[in-house]
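Q: Provided below are the primary sequence and the corresponding predicted coordinates.
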Amino acid sequence: MKTAITELFGIEHPIIQGGMHFVGFAELAAAVSNAGGLGIITGLTQKTPELLAKEIARCRDMTDKPFGVNLTFLPTFAAPPYPEYIAAIVEGGIKAVETAGRSPEQYMPALKAAGIKVIHKCTSVRHSLKAERIGCDAVSVDGFECGGHPGEDDIPNMILLPRAAEELKIPFVASGGMADGRSLVAALSLGAAGMNMGTRFIATKEAPVHQNVKNALVAATELDTRLIMRALRNTERVLKNANVDRLLEIEREKGAKLSIDDIHDQVAGVYPKIMLDGQMDAGAWSCGMVAGLIHDIPSCKELVDRIMDEAEEIIRSRLMGFLDGTGAARKVA
Ligand SMILES: Cc1cc2nc3c(=O)[nH]c(=O)nc-3n(C[C@H](O)[C@H](O)[C@H](O)COP(=O)(O)O)c2cc1C
């Protein structure tokens, strides 16, 4: 399949693996890229720019296909040394960067000077248009369903994607709730040129996370995510567990007076405990509603091949069947 996104990033399939804290290590990025998608290393999971440079080199040893790096611009006072992280990305020969969080505007000249294609993750049309204005090459449009930070507008992809299509000139991928060939065809129908998946890629053989995390995703349903930190306007969609229940209790008690210190124990330093040690009640970790569509733990290649086969089958057979009159009796895939 060829779309503006496969052409932009030089990949075979229009499928991107979004940056994920303590998941997006070289093993996963390389596996996704080897499967024909665009794998992404999560920059800030590497504690220093030097460690990121090593992670890029490790990934390079595992694949000769293009892969990218995610740079998340956090709303923190003690900002990570972003220019040094960008230097590691440039020196590592990376040609695709997924930015997220605050606007990447001040770093665009450095990224563009190195010939890097920038895809910025946005949860609204207005942020997507800003990304276009500042020279981003593409946008990852992240609907309310998504795992992680869905923003504060609460617009699901059924509305957000066609709205983005109405306004954007640069290509975009659909992000949030994407899992299979049905998602890909729907995304293409709504105007996207591909899709970005987070949660689905965690439940793969190569994702270097504890087996408990993968099993939890298979066991979870679409009813099992919760929104936290709404009062802080830093909403995050996470998988429910004992400590998330406690966090929500604290949020109810504090109401609009909630401060980040009140929920420190439930959100700080949680990722290594969950992802590496498999302590599933340790605290809040990002997870999408798409968990309800995750029923197995395939390899990245099995997953990507299955998505592409299913998408082709839906387009050629199911959709064409409706047009030529043979599809009326056919069951949903
Ligand atoms: C465990 C986890 C960690 C994530 N960490 C980050 C991150 O550090 N930076 C970022 O830009 N997005 C992060 N995301 C968001 C994903 O890149 C992606 O946009 C999102 O998962 C898409 O929604 P989906 O989970 O429904 O596929 C994370 C998502 C998950 C599930």
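A: Everything's here; your move. Residues are numbered from 1 along each chain as shown.
Q: any idea how far the nearest residue to residue 70 once chain neighbours are set aside lies from the ligand?
A: Counting by CB to CB, 6 or more residues apart in numbering, residue 19 is the residue found nearest to residue 70 once chain neighbours are left out, at 2.3 Å. In this view, the C-beta of every residue, glycine as well, is placed from N, C-alpha and C. Computed as CB to the nearest ligand atom, to the nearest Å, the residue 19 to the ligand distance reads 4 Å.
Q: what do you get for residue 209?
A: Using CB to the nearest ligand atom, residue 209 is found at 9 Å from the ligand.
Q: my read: that residue touches residue 199, true?
A: No - at 11.7 Å, residue 209 does not count as touching residue 199 under the criterion of CB atoms under 8 Å.
Q: Of those two, give the one with the bigger neighbour count.
A: The neighbour comparison of residue 209 against residue 199 (other CB atoms under 10 Å) goes to residue 199, with 30 against 22.
Q: tell me the contacts of the more buried one?
A: Residue 199 is in contact with 147, 217, 286-288, 290-291, 294, counting by CB atoms under 8 Å, 6 or more residues apart in numbering.
Q: and what of residue 132?
A: Residue 132 makes contacts with 139, 168-170, as judged by CB under 8 Å, 6+ apart.
Q: Could you do residue 224 as well?
A: So residue 224 contacts 239-240, 287, 291-292 (CB under 8 Å, 6+ apart).
Q: One more: residue 38?
A: Shown in contact with residue 38 (CB under 8 Å, 6+ apart): 9, 11, 15-17, 32, 66-68, 96.
Q: ditto for residue 4
A: Residue 4 neighbours (CB under 8 Å, 6+ apart): 138, 171, 193.
Q: From the residues you listed, pick the one nearest the ligand.
A: Closest to the ligand out of those is residue 138 (13.8 Å), distances taken as CB to the nearest ligand atom.
Q: Pull the most distant pair out of the contacts of residue 199.
A: Maximum pairwise distance in these, criterion CB to CB, is 14.3 Å, between 286 and 294.
Q: and these two? which has more neighbours close in?
A: For residue 286 versus residue 294, neighbours defined as other CB under 10 Å are more numerous around residue 294 (24 against 21).
Q: pretty sure that one is touching residue 203, no?
A: Yes - if you go by CB under 8 Å, residue 294 and residue 203 touch, sitting 5.0 Å apart.
Q: What mean pLDDT does stretch 255-268 get?
A: Averaged across stretch 255-268, pLDDT comes to 95.
Q: So for that stretch, what gets flagged as buried?
A: 258, 262-263, 266-267 (16 or more other CB atoms under 10 Å).
Q: try stretch 234-247
A: In stretch 234-247, counting by 16+ other CB under 10 Å, buried: 235-241, 243-244, 246-247.
Q: how distant is it from the center of its chain?
A: With CA atoms, centre = their mean, to the nearest Å as the basis, stretch 234-247 stands 19 Å off its chain's centre.
Q: same deal with stretch 174-192?
A: That offset, for stretch 174-192, works out to 13 Å (CA atoms, centre = their mean).
Q: Also stretch 271-285?
A: 19 Å.
Q: So is it next to the ligand?
A: Yes - using CB under 6 Å from any ligand atom, we find that stretch 271-285 touches the ligand at residue 285.
Q: Could you list the residues in contact with that stretch?
A: Applying CB under 8 Å, 6+ apart, the set of residues contacting stretch 271-285 from outside is 21-23, 45, 209-213, 216, 228, 236, 238-239, 241-244, 247, 265-268, 270.
Q: what's the span of that stretch from first residue to last?
A: 7 Å (CA to CA, to the nearest Å).
Q: in it, what's buried?
A: By 16+ other CB under 10 Å, the buried positions in stretch 271-285 come out as 271, 273-275, 278-280, 282-285.
Q: Can you check the pLDDT for residue 50?
A: Value listed for residue 50 in the pLDDT field: 98.
Q: ok, the closest residue to it other than its chain neighbours - how many residues close by?
A: Using CB to CB, 6+ apart and skipping the chain neighbours, the partner closest in space to residue 50 is residue 88 (7.3 Å). Using other CB under 10 Å, residue 88 is surrounded by 22 other residues.
Q: Residue 88: which element?
A: Using DSSP states H and E, residue 88 falls within helix 82-91.
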